[in-house]
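J.: structure here, sequence nowhere to be found:
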């Protein structure tokens, strides 16, 4: 659709993949150029009115508020949906378990909420439900636009740009915490102040080290050593 939608290549875990949706170059231009963003919003609104496609009005509103469009859908799939909740229902396996009206949120925020459900600790469901367009926009960077939505990158950016933007080392700290969670299979925490984040990180690291020590001792190796060969 005039270059705004398509199937485009990207790298994930060192592998070349393909994904439908707005290409990285388009989302990057939307995110970084207010002139292109405003033109695209006006264009989609005009098509929505001319062709009576209300979902395009929702897309335009989402781009205006977040500066990009995240859901990996084709243009034809998009036009088959009348409402944001109908579109976002494609990305939910077991139904929407959040007490949120997805038709009253922008599409990106709804998509992020649903994408986080399986990755975030259940005690932080309220934090997920409390996300809004400004927070989501600040937590979406070019890494996410290129490689696709990632809970790890989102949580890192959320701590860095939303919760604790004035703490100088928070990006490094949050990135290490999120990566350790993903590597160890732990659920990520989303709603936490700095002390809670530090505590969760140290607790995770200590358990990770303890498990490694137990495994090494059980194998007859000294902790921190590797078996030859």
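T.: Yep, it's here. Since the structure is predicted, the reported quantities are computational estimates derived from the model, not experimental observations.

J.: mind listing the strands for the chain?
T.: For the chain, the strands defined by DSSP state E cover 6-12, 15-21.

J.: please list the residues outside the first one that contact it.
T.: Going back to what we said before, that points to strand 6-12. Applying C-beta atoms under 8 Å, 6 or more residues apart in numbering, the set of residues contacting strand 6-12 from outside is 16-21, 23-24, 74, 146-148. (Glycine included, C-beta is placed from N, CA and C.)

J.: which residues touch the residue nearest the centre of the chain?
T.: Residue closest to the mean C-alpha point of the chain, counted by C-alpha atoms, centre = their mean, is residue 149 at 4.1 Å. Applying C-beta under 8 Å, 6+ apart, we find residue 149 in contact with 70, 111-112, 115.

J.: for the nearest residue to residue 142 once chain neighbours are set aside, give me its contacts.
T.: For residue 142, the nearest residue in space outside its immediate sequence neighbours is residue 28; the separation is 6.1 Å by C-beta to C-beta, 6 or more residues apart in numbering. The contact partners of residue 28, taken as C-beta under 8 Å, 6+ apart, are 142, 145-146.

J.: could I get these as CSV with pLDDT?
T.: Formatted as CSV, the entries for the contacts of residue 28 read as follows, by pLDDT from 0 to 100:
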residue, pLDDT
142, 93
145, 92
146, 89
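
J.: doesn't residue 81 make contact with residue 87?
T.: Yes - counting by C-beta atoms under 8 Å, residue 81 is a contact partner of residue 87 at 4.1 Å.

J.: and for the closest residue to residue 55 other than its chain neighbours, the neighbour number?
T.: Distances taken as C-beta to C-beta, 6+ apart place residue 81 nearest to residue 55, at 5.3 Å, with adjacent residues excluded. A total of 19 residues lie near residue 81 under the criterion other C-beta atoms under 10 Å.

J.: could you turn the buried ones of the contacts of residue 28 into a PyMOL selection?
T.: With 16 or more other C-beta atoms under 10 Å as the burial test, the buried ones among the contacts of residue 28 are selected in PyMOL as follows:
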select buried, resi 145
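
J.: and the contacts of residue 28 as JSON lines, adding distance to residue 45?
T.: Rendered in JSON lines, the data for these read as follows (distance: C-beta to C-beta, whole Å):
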{"residue": "142", "distance to residue 45": "26"}
{"residue": "145", "distance to residue 45": "23"}
{"residue": "146", "distance to residue 45": "27"}
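
J.: name the nearest of the contacts of residue 28 relative to residue 53.
T.: Using C-beta to C-beta, residue 145 is the member of these that lies nearest residue 53, at 24.4 Å.

J.: in contact with the closest one, which residues?
T.: For residue 145, the residues meeting the contact criterion (C-beta under 8 Å, 6+ apart) are 24, 27-28, 31, 68, 70.

J.: distance of it from residue 168?
T.: Residue 145 sits 25 Å away from residue 168 when distances are taken as C-beta to C-beta, to the nearest Å.
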